[in-house]
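Visitor: What follows is a predicted structure for the sequence shown.
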Amino acid sequence: MITFFQSTILGIIQGLTEFLPISSTAHLRIVPAILKWDDPGTAFSAVLQLGTMLAVLIYFWKDLLKIYGALLSDLFSYKKPVSNESKLAFWILLGTIPICIFGLLFKEPLEAGMVRNLNLISFYLIFFGLLLFVSEMIAKQNRKLSQINALDVLMIGIAQAFALIPGASRSGVTLFAGLLLGFKRTDAARFSFLLSVPAVLLSGLLELNTLFSGALQECTPPWDKLFMGVIGAYLAGYFTIDFLLKFLQTHKTYVFVVYRILLGVLVIYLNHIGVVK
């Protein structure tokens with residue numbers, strides 16, 4: 001049973017790690033294991049993402065209003081997306097399709113906990129961290145977000161689908177794909193944040209319904225605890241977005257690569273000596 005304190009702490013962890021390329025789902029599995037808390041599960045973790053989605057909506061509200069407003073204007077005028085803003089909104093919706101397809105196809109094994117094994121999560125932390133390192137090494141960063149096309153969106157969208165695996169990191173894999181495609185680091189991060197909104201919204205609302213349906217059957221509605229977690233995720237997420245966008249203007253992602261590898265090795269060791277299971 002998740003307590004108020006645990007829900008708040010997990011919400012803050014969600015907000016801090018959702019936008020940094022270090023995997024929020026991995027941390028929401030590792031931290032409770034180390035502290036001997038109950039595993040909150042995939043549904044609870046998905047609902048916490050509503051807090052980080054709210055952070056994206058508020059931080060980028062002008063951008064979102066502009067791009068989706070432009071898309072709706074074109075649609076009601078029976079025109080193809082013509083402006084850069086309208087095209088960007090269309091690309092975001094198009095890029096969301098892969099993760100929706102994979103999420104539906106693999107919903108049962110993901111929720112059954114088959115991929116929440118700590119050793120497996122540690123492996124993905126290290127593996128995808130090394131991929132991010134490679135992308136930094138070979139990235140040209142000579143393209144702007146205004147130059148994005150359908151193939152770019154498809155590649156980044158497929159990369160985002162790997163975020164369903166705990167330890168992969170949604171921001172990490174989309175940033176990896178964006179760098180490989182030659183986009184500037186800040187532009188790749190910005191598109192990653194905007195791309196997260198539809199997927200996180202759909203996933204969070206779906207799991208919210210699942211959680212409350214089960215809770216009502218048990219007569220123990222977790223509304224108040226979830227609320228604290230979502231608020232914690234929002235506050236931490238908002239400041240993390242601002243930090244990361246400024247950080248990536250002058251820094252590469254190597255510090256996150258090192259952190260991922262060290263965390264992965266640490267969890268494997270703790271699992272080996274029996275501190276976590």
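Guide: Ah, there it is.
Visitor: Check what pLDDT the nearest residue to Leu145 once chain neighbours are set aside gets.
Guide: In space, and not counting its chain neighbours, Leu145 is closest to Asp187: 4.2 Å by Cβ to Cβ, 6 or more residues apart in numbering. Using the backbone N, CA and C atoms, a C-beta is placed for each residue, glycine as well. pLDDT, Asp187: 95.
Visitor: Next: the one 10 residues further on.
Guide: In the predicted model, Val197 carries a pLDDT score of 90.
Visitor: After the helix or strand hosting it, which helix or strand is next?
Guide: In this assignment (DSSP states H and E), Val197 forms part of helix 185-218. Toward the C-terminus, helix 185-218 is succeeded by helix 223-250 as the next helix or strand (DSSP H and E).
Visitor: Please state the mean pLDDT value computed over that next one.
Guide: Averaging pLDDT along helix 223-250 yields 92.
Visitor: cool, stretch 158-177 as well?
Guide: Confidence over stretch 158-177 (mean pLDDT, whole number) is 93.
Visitor: Okay, buried residues for it please.
Guide: Along stretch 158-177, these residues count as buried under the neighbour rule (16 or more other Cβ atoms under 10 Å): 158-177.
Visitor: buried stuff in the helix or strand Gly264 falls within?
Guide: Here Gly264 sits within helix 254-272, counting by DSSP H and E. For helix 254-272, a neighbour-count test (16+ other Cβ under 10 Å) marks Phe256, Val257, Tyr259, Arg260, Ile261, Leu263, Gly264, Leu266, Val267, Ile268, Leu270, Asn271 as buried.
Visitor: and if you look at stretch 29-43?
Guide: Of the residues in stretch 29-43, those buried (16+ other Cβ under 10 Å) are Arg29, Ile30, Val31, Pro32, Ala33, Trp37, Pro40, Gly41, Thr42, Ala43.
Visitor: Confirm the last one sits in a helix?
Guide: Yes: under DSSP: H, G, I helix; E, B strand; the rest coil, Ala43 falls within a helix.
Visitor: mind checking which helix or strand of the chain has the lowest mean pLDDT?
Guide: For the chain, scoring each helix and strand by mean pLDDT, DSSP states H and E identifies helix 107-111 as the least confident one, at a mean of 72.
Visitor: what helices or strands is that helix leaning on?
Guide: Other helices and strands packing on helix 107-111, by 3 or more Cβ pairs under 8 Å, 6 or more residues apart in numbering; DSSP states H and E, are helix 41-59.
Visitor: any idea of the mean pLDDT for the helix it packs on?
Guide: What helix 41-59 shows for mean pLDDT is 86.
Visitor: Can I get that helix as CSV, trimmed to CA atoms?
Guide: The C-alpha coordinates for helix 41-59 follow below in CSV (Å, rounded to 0.1, in the frame of the first residue of the first chain):
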residue,chain,number,x,y,z
GLY,A,41,3.4,-0.8,-10.5
THR,A,42,3.1,0.4,-14.1
ALA,A,43,-0.4,1.9,-13.7
PHE,A,44,0.5,4.1,-10.7
SER,A,45,3.7,5.2,-12.6
ALA,A,46,1.7,6.1,-15.7
VAL,A,47,-0.7,8.2,-13.7
LEU,A,48,2.2,10.1,-12.2
GLN,A,49,3.1,11.1,-15.7
LEU,A,50,0.0,13.2,-15.8
GLY,A,51,1.9,15.6,-13.5
THR,A,52,4.9,15.8,-15.8
MET,A,53,2.5,16.2,-18.8
LEU,A,54,0.9,19.2,-17.0
ALA,A,55,4.4,20.6,-16.6
VAL,A,56,5.0,20.4,-20.3
LEU,A,57,1.6,21.9,-21.0
ILE,A,58,2.2,24.9,-18.8
TYR,A,59,5.9,25.4,-19.8
